[in-house]
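**Student:** Model the following, please.
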Amino acid sequence: MKHLVKSLLLSSALCAFTLWPAHAELNVPALKAAIEKSFEADYPKLDALYKDIHAHPELAFQEVKTAAKLAAEMRALGFEVTEQVGKTGLVAIYKNGDGPTILVRTELDALPMEEKTGLPYASQDKAVFGGKESFVAHSCGHDIHMASWVGTAKTLLGLKDQWKGTLMFIAQPAEEIVRGAKAMLDDGLFTRFQKPDFAFALHAGGFPHGNLAYRVGVGSSIADGLYIKFRGRGGHGAMPQATIDPIMIAARFIVDVQSVISREKDPTEFAVVSIGAIQSGTVGNIIPDEATLQGTIRTFKPQVRAKLHAGIERVAKAAAAMSDAPAPEIRIAEGAKAVMNDPAVVATAEKVLKAAFGDKFRISPPGTPSEDFSEFAYAGVPSMMFNIGVHDPEQWAAANKSGTPMPGNHSPLFAPVPKPTIQTGVTAMTLAVLSAFDQHARGK
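**Tutor:** I've put the predicted structure just below:
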């Protein structure tokens, strides 16, 4: 690895004047060619890292081995690494003269689910989740993000004659439960270390590799967790008149709550209420005395969020009252804030990425999933998140034509094509970071 870094440094020094003349526009074609050449030389190591992480995923706040692997990679490059920030997160710093501090984030954690891709490096690992043993899989693409993160760090060091400032590469735990970014901030991320001037992150998505999607302003949804316990009166399934059936109440609520979305909010505004778990009863001939629901609430705007919260509470209480049942226990837990892509940061990166990727770099609507990368923007750091595709373009087109789209994030069949996906991640992130350094150097 040390020989690779030395070769990258040498190659960057040789092309310094052609890639980035002082105070001139970035020579994007030359930069892209240099990035892709260095990526090609180092890809076998990135591929091995990716497949190792993919095969051995870890759940939120359990990512000890994953963090150790990334820490070793970054130390070998010459970064100053601090581990156990926000429990299992790490911070890697590389100083290269006077200039801005730019944060690049990856996530560490995986999902409590079984992988069914059949890949030779598919995960078969298990861990304890919610008190029970569960399969674990990187079905959201965080393994792609980590390989791209390490590759970007290596590439930027190979181009260190082209920028001045500080790289702040962070590996964040617990994104899947939207608590890791806040854990790192609460552990002094921006006080123990310098607060960055800009922040970047990427996310893999279910569209063709080589393509990128971005947006200005709202980039993802606000996420809230929903928990409701309906109480009834248990009894024999053959004598329902002697009971108050909490399953019936829960079923009524699940159907009726959708009317809050379809009839009470502006139909042009985004909102989703989904119930993902119901727990009640033991056998078919006993009416239980309790039924609990767990769900998620997603919105883009605070005023829509407030309307949904009020409507959910009203419908839940009404469903119970209709059966003369006690008032339900209702808990709505605040999750992730909406990702906010700073217009100035996007405008800077947009120009360079459009020059590099052409019409494969496209603006897109906000994503309906949620992301706690938003915490860094709300902490006062101008930020940008963009998405990279993961699927073979021909297979993706054929699947869409057939009416059966290819598996997306959180599917047990989600299987990115590693090399072109990671290459896009490394190239795009390197160029985005260089664009921010360049704008600062030219006083814009």
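
**Student:** tell me the helices in the protein, going along the chain?
**Tutor:** Along the chain, the stretches classed as helices by DSSP state H are 2-14, 16-19, 28-55, 64-77, 142-158, 180-186, 246-256, 258-259, 302-322, 343-357, 374-378, 393-402, 418-441.

**Student:** Give the phi and psi angles for the closest residue to Gly281 other than its chain neighbours, as a check.
**Tutor:** Counting by Cβ to Cβ, 6 or more residues apart in numbering, Pro288 is the residue found nearest to Gly281 once chain neighbours are left out, at 4.1 Å. All C-beta atoms are positioned from the backbone trio N, CA, C, and that covers glycine. Pro288 adopts backbone torsions of phi -80, psi 170, taken as degrees, to the nearest 10.

**Student:** so Pro288 touches Ile247, yeah?
**Tutor:** Yes: here Pro288 lies in contact with Ile247, judged by Cβ atoms under 8 Å, at a distance of 6.9 Å.

**Student:** where do the contact lists of those two overlap?
**Tutor:** 280-281 (Cβ atoms under 8 Å, 6 or more residues apart in numbering).

**Student:** Can you tell me which of the helices of the chain is packed in deepest?
**Tutor:** Highest mean neighbour count of those: helix 142-158, a mean of 27 (counted as mean count of other Cβ atoms under 10 Å).

**Student:** Compute the distance from the centre of that one to the centre of its chain.
**Tutor:** 16 Å (Cα atoms, centre = their mean, to the nearest Å).

**Student:** quick one, it and helix 64-77 angle?
**Tutor:** Calculated by axes from the mean of the first three to the mean of the last three Cα atoms, to 10 degrees, helix 142-158 forms an angle of 10 degrees with helix 64-77.

**Student:** so where's this protein shaky on pLDDT?
**Tutor:** Within the chain, the segments meeting pLDDT under 70 span 1-24, 444.

**Student:** got the helices of the chain as TSV, with distance to Ile330 columns?
**Tutor:** Below are the helices of the chain laid out as TSV (distance: least, Cβ to Cβ, whole Å):
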stretch	distance to Ile330
helix 2-14	55
helix 16-19	58
helix 28-55	39
helix 64-77	36
helix 142-158	32
helix 180-186	24
helix 246-256	10
helix 258-259	17
helix 302-322	6
helix 343-357	38
helix 374-378	25
helix 393-402	40
helix 418-441	41
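
**Student:** quick revisit: can you report how many residues lie near the residue nearest to Gly281?
**Tutor:** The number of residues packed near Pro288 is 18, by other Cβ atoms under 10 Å.

**Student:** dump the residue contacts of it.
**Tutor:** For Pro288, the contact set (Cβ under 8 Å, 6+ apart) comprises 232, 234, 246-247, 280-282.

**Student:** Pull the most distant pair out of those residues.
**Tutor:** The span of these, defined through Cβ to Cβ, is set by Gly232 and Thr282 at 14.5 Å.

**Student:** out of these two, which sits in the more crowded spot?
**Tutor:** Taking neighbours as other Cβ under 10 Å, Gly232 and Thr282 compare with Gly232 leading, 24 against 7.

**Student:** Any idea what Val81 is bridged to?
**Tutor:** Val81 has these beta-bridge partners by DSSP bridges: Ala92.

**Student:** go on, Pro208?
**Tutor:** Beta bridges link Pro208 to His391, judged by DSSP bridges.

**Student:** just checking, it touches Pro393?
**Tutor:** Yes: at 3.9 Å, Pro208 counts as touching Pro393 under the criterion of Cβ under 8 Å.

**Student:** if we can go back for a sec, any idea which of the helices of the chain gets closest to Asn96?
**Tutor:** That would be helix 142-158 among the helices of the chain, by Cβ to Cβ, at 8.5 Å.

**Student:** Using CSV, write down the CA coordinates of the closest one.
**Tutor:** The C-alpha coordinates for helix 142-158 follow below in CSV (Å, rounded to 0.1, in the frame of the first residue of the first chain):
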residue,chain,number,x,y,z
HIS,A,142,-22.9,0.6,3.3
ASP,A,143,-20.1,-1.8,2.3
ILE,A,144,-20.0,0.0,-1.1
HIS,A,145,-19.8,3.3,0.8
MET,A,146,-16.9,2.1,2.9
ALA,A,147,-14.9,0.8,0.0
SER,A,148,-15.5,4.1,-1.9
TRP,A,149,-14.5,6.1,1.2
VAL,A,150,-11.2,4.3,1.5
GLY,A,151,-10.6,4.6,-2.2
THR,A,152,-11.4,8.3,-2.1
ALA,A,153,-8.9,8.9,0.8
LYS,A,154,-6.2,7.0,-1.2
THR,A,155,-6.9,9.0,-4.3
LEU,A,156,-6.9,12.4,-2.6
LEU,A,157,-3.5,11.7,-1.0
GLY,A,158,-2.2,10.8,-4.4
